[in-house]
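Trainee: structure here, sequence nowhere to be found:
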């Protein structure tokens, strides 16, 4: 099809990354002498070619001549033994290619036409002898077969001609029409339809999971019987999207046993918030809860702040980079799509992955086919994905965590959250409210639609196996999103050009348009007006595609011209694809034919109710049988090296956490650079207030006691903020349940207990839930290396994220010990509570006694500490969590590069090692200037116990006898060792 | 591009004007668009120093909606224009060169200043606005990918090298870097000329102000001779990788909690403003 194909290759004359790149590959075990790299641009045009002169000029636009060289239609010829070219598969987002195309268009004052494109690829030159299998393995670490195409050549094969000019254009069949789907089939056939999808009449293959169960398919069949017809494929796919677990949260919505008839969400989550808000009366901090894309609380008289945390687990398992990238830019859109559009101002992240030093052998297919990516590859990919998303979008990413457990090896969890800020009112409108009106135009803004991400919503509701569709993978384009984000939240919103907005996430247009249609009771969409990346997509694909970087808006006709002009001059594509109506129906037209016509009430509320039953039985775990060592020096050093305790600063420093100018307390603190559990950021630069964020999870407690686990998680997420000085009554929380096998009554029993814990403890602290999300099937089903079927389920994981408004950033407290001679206090009670603790993990037995939360005592303690901080009596404060007091004290000392000499009040009845590493909740390590001793002790009451002073360069801890005496340097070294080379 | 009536950019979070903000009459133009992302804090820091500014989308300049000649300071702020694709700052520089070159030349001929921070410096380097030994504006320096091969976000200490209207009265800058491509590079000959003409504005150094000598993390990216920022030969243009505007307040500084405690114990007042403000005050002073 393409008539002219040219290839420009660019390389550094002296590549500054050569050593790092080579070292990284060598550290993975490849005997590479040097790994060079060239960037390749393949330029494809149909209408006209380019002269050599033009190509040289184009190349000069794509390089920096000071440090780079290029070749035009000739091979790059360095010294090498093998060449590996990695490009994208057809249809995969290619941001570099797009930028190159725009540059060429701008430079030559021309426009690329239909089918014209620039494709980017990377050409690696390997120096060093390697057998073919090792070479292929190396290629597999440089590329992901789901998104990349790879070509390998030896020096000899490469010759003087180099690599082939490959054009990865998408070539599809002619546009297929909507087909009716026969539901008058046997139940067995219906089940198959639900699990594997509609049988495509052209290809004879199933289209991928609808994730509809038999009861749901019966309901749909019965509904269409009353209409006297079968549904079209567009209608069935659309219902599958809207009714998916991902969108409707059916497990949280269903009645459970006899005692939770209204379902977990209404009974435990929503009820907690409603009751807390009612009790707070005028002091209620909530502005918008659960109903919009994010939740929102009051910041000050002028502004509100929003928060939302999402997961992107299944896509990240397949393509860690693309999955995590789309995860973070996707949740950014939950901010842009909140109310009339909030400005994204802080990103947060969380990664639960397998131990990167291990390589579990897991395969999706039999006979060692379709292997699962290694934990290291997954970690590297997700870290990079969230980084690229946040960095390119100009949103600081200060807060986050990595959590390691091999039960995440089959399916990692990737949490991504975004805080937004918006004025409360603008031009007489409350900006958190929105309503599409009948007659408003449906406008799609941002990227074009391709086959990417099809069945993403239904697929994340299923366990991962060999049938997981490759089209579920997508790569984000943060700059396209940045362009519309800027013009929407910084211009169009304040000009009042639109009445409603939401993002295109799971389910694409089918969900965003149908959701907005509820505001005015109807919509009419013309699918053939939707701009496509390439021709040949079927109507159902256009309707449910999850191509990224798109928003849907309701624009009143009188504003359309101004709106479209504004988008055009910001280089943002916007298209009218239909209008909002009051017909009560969602009508979709394509090629002059109606391909969907479903009543909104059936679409949104036709889902059959389920009644779930649960069971729960407490299991007795072995208690560790290891005597207490006489000295704990080596134990503490070993604890500092535990992966869930040590520093993962390599992540922090590759995330821009200072953009937007609001950095107050960052992700690493103190001279000794210790990672914080909470951060503080100014989101309104001229306000003295700041936004505090923290997160907590205790997956190691879940299997032992899910109820107490919920208490630990809520307490710890809140406590991180209190330690900086955020008062309890300014804090709201968000829940993310990532469960497994949620069709198993036992798992549901754990879920119910955890949800009940959420209600009890959120109520006890009066911290409302403002937003939440669940992901219920985080299981991997496949085979081990010997073909035995394996199921790997994540431990039930509850992430609580907290957001709070600090009244005065200038009085905030960091975690590092500050000055020699300061007093060291332990605040809160230490009990023998080591079930699921890091110490018991170190000893090799989980134990049984998960820490109990005494929320009443904690609440009073937090009020006292917040008051002491407000009176500037505290020099440093750090919450005690994973690893207990020993670890917390060590971190405070490392951060301050300051020793401590302490005598701990270890009761006679308690083992000193248990005292040091128990994970009892609601505790802090606090340092105080000697001058403030009396005032601080008065403020805290009996809750604060003075245990010694800072000073010197060693951490010296005694109980009844000397327990340990370790150099702070040595502790710091241990703390930073495990990920030092990452 | 549609030539219809344009709507002028308005920041969502407009800087609240503190009571006594005195502004000089000269105004700054802050470029935006295509992934530039530090325009709002740059506007805020200039306002605090006493200079008002407009944030202008590059397409509004190209369309003639705004005139560069109405301004005295042109700022290319930080960001990730075009996602750093085809080299950081390169694509945005191409857009400027291909569409705004004449206006820019005229601006440079006048008694005006140009500031580029981070992505802005990368754009200036690709445009040849620094070092600009002569008016040919050839590309003579490069900001290559960091030696570590990825973005690096951390506080760095900077030492002013040669005094100019940009660096006057500055002893030390302590502010974040946050870039993937800040590894300053040029030929030996160019370096010699840059030094001869006293164009090195800032170098990375250790906390005790001794040279970083290329050592990570003090020199965060591998920059040649620890160079963090340079001026043009005529000193009208300053480009620097680190972000002084991101640490405009005392409470933005990495170590403020410790410095605050030390000050309180010694009975000294706790500062409110960061020393990094001096760069922006110097700009205001230049025009005053």
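Mentor: Noted; the coordinates are in hand. Because the structure is predicted, anything quoted here is derived from the model rather than measured.
Trainee: alpha carbons only for contacts and neighbour counts from here, please
Mentor: Fine.
Trainee: separation between whatever residue of the stretch 101-250 of chain B ends up closest to chain A and residue A:633?
Mentor: For the stretch 101-250 of chain B and chain A, the shortest gap (CA to the nearest CA) falls at residue B:246, measuring 4.2 Å. Here residue B:246 is placed at a distance of 41 Å from residue A:633 (CA to CA, to the nearest Å).
Trainee: okay, these two: which has more neighbours?
Mentor: residue B:246 (23 against 18; other CA atoms under 10 Å in any protein chain shown).
Trainee: part of a helix, is the more buried one?
Mentor: Yes - looking at residue B:246 with DSSP: H, G, I helix; E, B strand; the rest coil, it is inside a helix.
Trainee: mind listing what it touches?
Mentor: Residue B:246 makes contacts with A:658-663, B:41, B:175-176, B:252, as judged by CA atoms under 8 Å, 6 or more residues apart in numbering or on different chains.
Trainee: which of the residues you listed are buried?
Mentor: Taking 16 or more other CA atoms under 10 Å in any protein chain shown as the criterion, what is buried in the contacts of residue B:246 is A:658-663, B:41, B:175-176, B:252.
Trainee: out of those, which are inside helices?
Mentor: Within those, residues falling in helices by DSSP state H are residue B:41.
Trainee: TSV please, covering the buried ones among the contacts of residue B:246 and showing distance to residue A:806 and pLDDT.
Mentor: Converted to TSV, the buried ones among the contacts of residue B:246 look like this (distance: CA to CA, whole Å; pLDDT from 0 to 100):
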residue	distance to residue A:806	pLDDT
A:658	18	97
A:659	20	97
A:660	18	97
A:661	17	96
A:662	13	97
A:663	13	97
B:41	21	96
B:175	23	97
B:176	23	98
B:252	15	97
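Trainee: and which of the buried ones among the contacts of residue B:246 is nearest to residue A:98?
Mentor: residue A:659 (25.5 Å; CA to CA).
Trainee: to what extent is the nearest residue to that closest one once chain neighbours are set aside buried, counted in neighbours?
Mentor: Of all residues not flanking residue A:659 in the chain, residue A:396 sits nearest, at 5.4 Å (CA to CA, 6 or more residues apart in numbering or on different chains). When neighbours are defined as other CA under 10 Å, residue A:396 has 25 of them.
Trainee: which ones are touching residue A:396?
Mentor: Taking CA under 8 Å, 6+ apart, we find residue A:396 in contact with A:345-347, A:390, A:655-660.
Trainee: how near is residue A:532 to residue A:105?
Mentor: 20 Å.
Trainee: next: residue B:46.
Mentor: 35 Å.
Trainee: show me which of those two is the more surrounded one.
Mentor: Taking other CA under 10 Å, residue B:46 and residue A:105 do not tie; residue B:46 has more neighbours (24 against 14).
Trainee: I'd say the more buried one and residue B:54 touch.
Mentor: No - assessed by CA atoms under 8 Å, residue B:46 is found out of contact with residue B:54, at 10.7 Å.
Trainee: list the buried residues in stretch A:39-49.
Mentor: A:39-46.
Trainee: please, which helix or strand holds residue A:588?
Mentor: strand A:585-590 (DSSP states H and E).
Trainee: buried residues in the helix or strand that that strand is followed by, which are they?
Mentor: Going down the chain from strand A:585-590, the next helix or strand is strand A:593-599, by DSSP H and E. For strand A:593-599, the neighbour count (16+ other CA under 10 Å) marks A:594-599 as buried.
Trainee: out of the residues you listed, which touch chain B?
Mentor: With CA under 8 Å from any CA of the partner chain as the criterion, the buried residues of strand A:593-599 include none near chain B.
Trainee: about what we covered before: from the buried ones among the contacts of residue B:246, which ones fall inside strands?
Mentor: A:663, B:175-176 (DSSP state E).
Trainee: in a markdown table, list the residues you listed along with distance to residue A:557.
Mentor: Shown next, in a markdown table, are those (distance: CA to CA, whole Å):
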| residue | distance to residue A:557 |
| --- | --- |
| A:663 | 42 |
| B:175 | 48 |
| B:176 | 46 |
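Trainee: pick out whichever of the residues you listed sits closest to residue A:957.
Mentor: Of those, the one sitting nearest to residue A:957 (CA to CA) turns out to be residue A:663, at 34.5 Å.
Trainee: how close does that closest one get to chain B?
Mentor: 5 Å (CA to the nearest CA, to the nearest Å).
Trainee: pretty sure that residue is touching residue A:683, no?
Mentor: No - counting by CA under 8 Å, residue A:663 sits too far from residue A:683 to count as a contact (9.1 Å).
Trainee: dump the buried ones among the contacts of residue B:246 to TSV, plus distance to residue A:696.
Mentor: Converted to TSV, the buried ones among the contacts of residue B:246 look like this (distance: CA to CA, whole Å):
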residue	distance to residue A:696
A:658	23
A:659	25
A:660	26
A:661	26
A:662	23
A:663	21
B:41	31
B:175	30
B:176	28
B:252	25
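Trainee: of the buried ones among the contacts of residue B:246, closest to residue A:338?
Mentor: Residue A:338 lies nearest to residue A:660 out of the buried ones among the contacts of residue B:246, by CA to CA, at 20.1 Å.
Trainee: OK, contacts around that closest one?
Mentor: Contacts of residue A:660 by CA under 8 Å, 6+ apart are A:345, A:394-396, A:683, B:37-38, B:40-41, B:246.
Trainee: among those, which are in strands?
Mentor: Short answer: the contacts of residue A:660 in strands (DSSP E) are residue A:345.
Trainee: how about the contacts of residue A:660 in CSV, adding distance to residue A:95?
Mentor: Shown next, in CSV, are the contacts of residue A:660 (distance: CA to CA, whole Å):
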residue, distance to residue A:95
A:345, 24
A:394, 17
A:395, 19
A:396, 22
A:683, 30
B:37, 18
B:38, 22
B:40, 26
B:41, 27
B:246, 28
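Trainee: separation between the closest residue to residue A:950 other than its chain neighbours and residue A:802?
Mentor: Among residues not flanking residue A:950 along the chain, residue A:900 sits closest, at 4.1 Å (CA to CA, 6+ apart). Distance from residue A:900 to residue A:802, counting by CA to CA: 31 Å.
Trainee: cool, and residue A:662?
Mentor: 18 Å.
Trainee: what's the single longest helix in chain A?
Mentor: Per DSSP H, chain A has its longest helix at helix A:745-765.
Trainee: ok, whichever helix or strand comes after it: who's next to it in the sheet?
Mentor: Next in sequence after helix A:745-765, counting helices and strands by DSSP H and E, comes strand A:769-775. The strands beside strand A:769-775 in its sheet (DSSP bridges) come out as strand A:731-738 (parallel).
Trainee: what angle do the partner strand and helix A:745-765 make?
Mentor: On the basis of axes from the mean of the first three to the mean of the last three CA atoms, to 10 degrees, strand A:731-738 is oriented at 180 degrees to helix A:745-765.
Trainee: neighbouring contacts of strand A:731-738?
Mentor: So strand A:731-738 is contacted by A:297, A:308-311, A:413, A:718, A:767-778, A:796-805 (CA under 8 Å, 6+ apart).
Trainee: low-confidence stretches in the chain?
Mentor: In the absence of a named chain, chain A is used. Applying pLDDT under 70 to chain A flags residues A:1-2, A:172-176, A:456-473.
Trainee: sorry, should have said chain B
Mentor: B:1-20.
Trainee: quick revisit: and the contacts of residue A:660, which are buried?
Mentor: Among those, those classed as buried by neighbour count (16+ other CA under 10 Å) are A:345, A:394-396, A:683, B:37-38, B:40-41, B:246.
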